[in-house]
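> Here's a sequence, model it:
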Amino acid sequence: MIDIQLVGLLNATLQAATLLFIAALGELITEKSGILNLGVEGMISIGAVTGFMTAINTQNILLSVLVGILSSSVFASIHALVTVVLKQDQTVSGLILTILGLAVSALLGKNYVGKKLVTKLENISSINEPSNIFEVLISQNIIFYIAVVLMILTSYVLKNTMFGRRLEAVGEDSKSSDSMGLKIAKTQFIATCVGGAFAGLSGVYLTLSYVPYWTDNMTSGRGWIALALVIFGGWKPYRTALGALLFGFLEALVPRLQTYGFELSPYIVKITPYIITILVLIILTVYKGGITGAPKNIGVPFFRENR
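Numbering: from 1, shown residues only. Predicted structure coming up:
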C-alpha cells in the first residue's frame, strides 16, 4: 500500500506539471519556427485574468476557457507583428510583452481580487482524496488530459505532417525554405499565435482550477520556468513533459517538507529549474559538442534577399 503522503505528492506534482508543460509546449512550437518569445509570463497572466473575469461574470466555464485562450493568442500576435512583420529584436519584444502582460492583467483584474468563483474547472472523477496511483491518474482536471493529448498531437504533427516539416525547415534555415517557396512570415506568425494560445490555456488552468482566485503577479515566474523547460527538453515534446514533471515535483515538494520540519527556502526551489537547465546545457556542450536541439535560426529575423 502506497503511503497517502506519497499519493498526495504525486497528485500535486501532476497538477503543477500540467500548468508548466502546456505553456512550455506552446513556446516549443513558437521556437521551432525560429521565433523566440520571452513573453510567456505575460501571456499566461493575460489568459489567467481574462478567463477568470469571464468565469465571474458569466459562470460559463467553456466560454471562460475560450476567452482566455483567444486573449493570449491575440496578445502573442503583438510579438508576431513586431518580430515577424517589422523584423525587430525578438528578445526586446518578448521582454516588453511580459512587462506589458503583467501590467495589463493587473489593471484588468484589480476589481476581481478576492472574488470567489461560483463555478470552476472540476476534476473528471468524483474522487476528492485519491488513495493510490490509479485513482490519482483518473481524478485529474480535464486540462491534464488535454495536455497529454496536446503532447502526443504536437509530437505527431512535428514529425509526420507537412506543417511540422515546414515549421522545422523555417526554423532551421529560413533562406533555403524561402527559396523553396515556403511562406516564412505566415508560418512564423501562426506558430507565435499558437504558442500564445497554449500559454492562455495554461493561464486559464491557473485561475480556474489550480489556484481558483485572482491576485497580481500570481504567475510567480512560471512563464520563465516554461522557457527553461523548452531548453531542458531539447525542443522535444516528450522530454519537455519529463522536465515538467521534475519541476512540478519540486514545486509540490516544498510545502510537504515544511510540514515535516524541514525549512527550505522557496527561493531555492524557484531557482532550481534554472540551475538544472544550465547543468543540462553544460553536459550537452561537453559530451555532444554543444548540440542542444535548438533551431539554428532561433531569434534571427528573416530578410529576403534581392533576386
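> Could I get the full set of helices for the stretch 101-250 of the chain?
In the stretch 101-250 of the chain, the helices defined using DSSP state H, counting those that start in this stretch lie at 133-138, 142-160, 162-172, 174-179, 184-205, 222-232, 237-259.
> okay, those helices in JSON lines with mean pLDDT, mean neighbour count and distance to Gly39 next?
Bear in mind the C-beta positions are built from the backbone N, C-alpha and C, glycine included. Formatted as JSON lines, the helices of the stretch 101-250 of the chain follow (pLDDT from 0 to 100; neighbours: other CB atoms under 10 Å; distance: least, CB to CB, whole Å):
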{"stretch": "helix 133-138", "mean pLDDT": "86", "mean neighbour count": "14", "distance to Gly39": "33"}
{"stretch": "helix 142-160", "mean pLDDT": "96", "mean neighbour count": "16", "distance to Gly39": "20"}
{"stretch": "helix 162-172", "mean pLDDT": "94", "mean neighbour count": "18", "distance to Gly39": "18"}
{"stretch": "helix 174-179", "mean pLDDT": "88", "mean neighbour count": "17", "distance to Gly39": "21"}
{"stretch": "helix 184-205", "mean pLDDT": "97", "mean neighbour count": "26", "distance to Gly39": "8"}
{"stretch": "helix 222-232", "mean pLDDT": "92", "mean neighbour count": "26", "distance to Gly39": "8"}
{"stretch": "helix 237-259", "mean pLDDT": "87", "mean neighbour count": "18", "distance to Gly39": "18"}
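> ok and the longest helix seen in the chain relative to helix 162-172, angle-wise?
Counting residues, the longest helix in the chain under DSSP state H turns out to be helix 4-32. Helix 4-32 runs at 70 degrees relative to helix 162-172, counting by axes from the mean of the first three to the mean of the last three CA atoms, to 10 degrees.
> Return the list of helices and strands in contact with helix 4-32.
helix 40-58, helix 133-138, helix 142-160, helix 162-172, helix 184-205, helix 222-232, helix 237-259 (3 or more CB pairs under 8 Å, 6 or more residues apart in numbering; DSSP states H and E).
> For the fourth one, output the C-alpha coordinates as PDB.
Yep, that's helix 162-172 we're talking about. Output in PDB follows, covering the C-alpha atoms of helix 162-172 (Å, rounded to 0.1, in the frame of the first residue of the first chain):
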ATOM      1  CA  MET A 162       3.700  18.900 -43.900                       C
ATOM      2  CA  PHE A 163       3.100  21.700 -41.500                       C
ATOM      3  CA  GLY A 164       5.500  20.200 -39.000                       C
ATOM      4  CA  ARG A 165       8.200  19.700 -41.600                       C
ATOM      5  CA  ARG A 166       7.600  23.300 -42.900                       C
ATOM      6  CA  LEU A 167       7.800  24.600 -39.300                       C
ATOM      7  CA  GLU A 168      11.100  22.900 -38.700                       C
ATOM      8  CA  ALA A 169      12.600  23.900 -42.100                       C
ATOM      9  CA  VAL A 170      11.800  27.500 -41.500                       C
ATOM     10  CA  GLY A 171      13.400  27.400 -38.000                       C
ATOM     11  CA  GLU A 172      16.500  25.600 -39.300                       C
END
